[in-house]
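Trainee: One predicted model, sequence on top.
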Amino acid sequence: MATEHLPGERVSSYDIAQVLDTDYYGVFADVEGADRDAWRRAREVGERLAPRMAAAWDRAEYPVEVLGDLGAAGLLADGVDHPDVPAMSPLAAGLVNMETSRHDGSLGTVLAVQGGLALRTLALFGSAAQQERWLGPLLRGEVLGAFALTEPDHGSDSTSLETTARRDGDGWVLDGAKKWIGNGASGGITFVWARVDDAGDADHGAVRCFLVEQETPGYTGTVIEGKIALRAIHQAHIRLDDVRLPLDAVLPGAHSFRDTSRVLFATRSGVAWSALGHATACFEAALAYSGQREQFGRPLARAQMVQERLAQMLAQLTSMQLYLRRLADLEGSGAMRPTQASLAKYHCTRTARDIARTARDMLGGNGILLEYRVMQHLADIEAIHTYEGTESVQALLIGRDLTGVGAFV
């Protein structure tokens, strides 16, 4: 006769995925109106897509159809300032990044690539004709967008990029390679940053941006395999071999690497918000688990060491919330400086790492199971800790601002 519980297995699984809305200082208690509505929509989409994204993460597959879900919910605007893009405050954009990443890191990166990088590049620098053709499809998630800056030989030193653009009659020719490019092999368009190599051009030696349709001859995007982070979005290794483009493929508003930086500074705060989403998920999983898991005849929550760890994690999480609410206020007033975004990313991604590691440890053996997703968040944090500028690069940007001395070389 089967029994309900076998000896040694009174509890076979734990329910630790519930949203607890941890906000110990009430940092977001006054969020209302359009900001609250954007946050709500992000939660609804995140909850609906989370099972699909989890399954895709396990199989290292990219469910590109989720772009349409994000677009239909109006979440791809990412605070981009443009007459044809629905207004979204920096606070709303941050909360959307936080909420999507709390449900799934790959989903948060889909949002960051499509809205934060591709859509923002087009809105800032594109011609009227380019924007009329592509802005709406990108915003609705009907066309995938990629931002190609990083090269196999140039990551942190992206200012040294070697991809070239030269004039040839009535067009441009691109040659070079890019790596780690989200959406770069998924079909759609890619914004390729290249150095002009043409002594007769006014921008000779400068960095410009080109809109490249991925089916253009000479453009080859190959999905990078073997990732253990952000497995439900594909990054590409791109080869540009004699890629011929019309003259109007260049974005007229982009003429230097400073223009590239305008995009990266705007998205850097988004990465910090994503880190907060990951950290929140990990903390709440550990808190819920401590109340359900029993050892030595009592719940883990009754152990002094566990309570001390929870207090430490809460302090770290609250510091992230305070950083980012203040950063959103600064950005909203137009007072945010680039290095303030750098400090937020520097603090939040490394703090999220600490919270995720502690949470994984608190779950014991269960912590390495994908069923409980803490290990997935821990792996995904490793990716956001690196992209949009590594910890070391952020430290050097902040250090230069503090001392007035550059120490990059």
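Mentor: Arrived safely.

Trainee: how near is Ala42 to Ser106?
Mentor: According to Cβ to Cβ, to the nearest Å, Ala42 and Ser106 sit 15 Å apart. All C-beta atoms are positioned from the backbone trio N, CA, C, and that covers glycine.

Trainee: now do His377
Mentor: According to Cβ to Cβ, His377 and Ser106 sit 11 Å apart.

Trainee: cool, Arg36 as well?
Mentor: Taken as Cβ to Cβ, the span from Arg36 to Ser106 is 25 Å.

Trainee: And those two? Which one has more around it.
Mentor: Residue environment comparison for Arg36 versus Ser106 gives the larger neighbour count to Ser106, 28 against 15, counting by other Cβ atoms under 10 Å.

Trainee: pretty sure that one is in a helix, no?
Mentor: Yes: the assignment for Ser106 is a helix, going by DSSP: H, G, I helix; E, B strand; the rest coil.

Trainee: Isn't it up against Trp57?
Mentor: Yes: judged on Cβ atoms under 8 Å, Ser106 makes contact with Trp57 at a distance of 6.1 Å.

Trainee: Mutual contacts of these two, please.
Mentor: Here Ser106 and Trp57 share the contacting residues 231-232, scored by Cβ atoms under 8 Å, 6 or more residues apart in numbering.

Trainee: Which stretches in the protein count as strands?
Mentor: 145-148, 164-168, 171-182, 189-196, 207-213, 219-223, 235-246, 294-295, 298-299 (DSSP state E).

Trainee: Mind listing the strands the last one pairs with, and their directions?
Mentor: Spelled out, it's strand 298-299. Applying DSSP bridges, strand 298-299 is found paired with strand 294-295 (antiparallel).

Trainee: Could you list the residues in contact with the strand it pairs with?
Mentor: Strand 294-295 is contacted by residues 11, 300 when judged by Cβ under 8 Å, 6+ apart.

Trainee: same check, this time on stretch 223-231
Mentor: Contact partners of stretch 223-231, identified using Cβ under 8 Å, 6+ apart, comprise 56-60, 105-106, 109, 179-180, 185, 234-237, 379-383.

Trainee: surely Ala194 meets Val173?
Mentor: No: Ala194 is beyond contact range of Val173, at 10.0 Å (criterion: Cβ under 8 Å).

Trainee: who has more neighbours, the two?
Mentor: In this comparison of Ala194 against Val173, neighbours counted by other Cβ under 10 Å, the higher total goes to Ala194 at 27 against 20.

Trainee: List the beta-bridge partners for that one.
Mentor: In this structure, Ala194 has the following beta-bridge partners (DSSP bridges): Arg208.

Trainee: Which residue comes closest to Ser186 once chain neighbours are left out?
Mentor: Leu144 (5.1 Å; Cβ to Cβ, 6 or more residues apart in numbering).

Trainee: need the contact list for Phe257.
Mentor: Contact criterion Cβ under 8 Å, 6+ apart gives 158-159, 207 as the residues in contact with Phe257.

Trainee: now with 10 Å?
Mentor: When contacts are counted by Cβ atoms under 10 Å, 6 or more residues apart in numbering, Phe257 is found next to 149, 158-161, 193, 195, 206-208, 264.

Trainee: Now Gln149: phi and psi?
Mentor: Careful, residue 149 is Leu and not Gln. Main-chain dihedrals, Leu149, degrees, to the nearest 10: phi -120, psi -50.

Trainee: wait, it sits on Val207?
Mentor: Yes: the criterion here is Cβ atoms under 10 Å, and Leu149 meets it with Val207 at 9.1 Å.

Trainee: Which of these two has more residues huddled nearby?
Mentor: Neighbours around Leu149 and Val207, counted as other Cβ under 10 Å, are more numerous at Leu149. The numbers are 25 against 22.

Trainee: Relative to Arg167, how far out is the more buried one?
Mentor: From Leu149 over to Arg167 (counting by Cβ to Cβ), the distance is 22 Å.

Trainee: what's the answer for Ala279, then?
Mentor: In this view, Ala279 and Arg167 are 48 Å apart by Cβ to Cβ.

Trainee: cool, and Gly184?
Mentor: Applying Cβ to Cβ, one obtains 25 Å for the distance of Gly184 from Arg167.

Trainee: got it, and Ala232?
Mentor: Spatial separation of Ala232 from Arg167 under the definition Cβ to Cβ is 40 Å.

Trainee: Look at these two and report which has more neighbours.
Mentor: When neighbours are counted by other Cβ under 10 Å, Ala232 comes out ahead of the other of Ala232 and Arg167, with 27 against 15.
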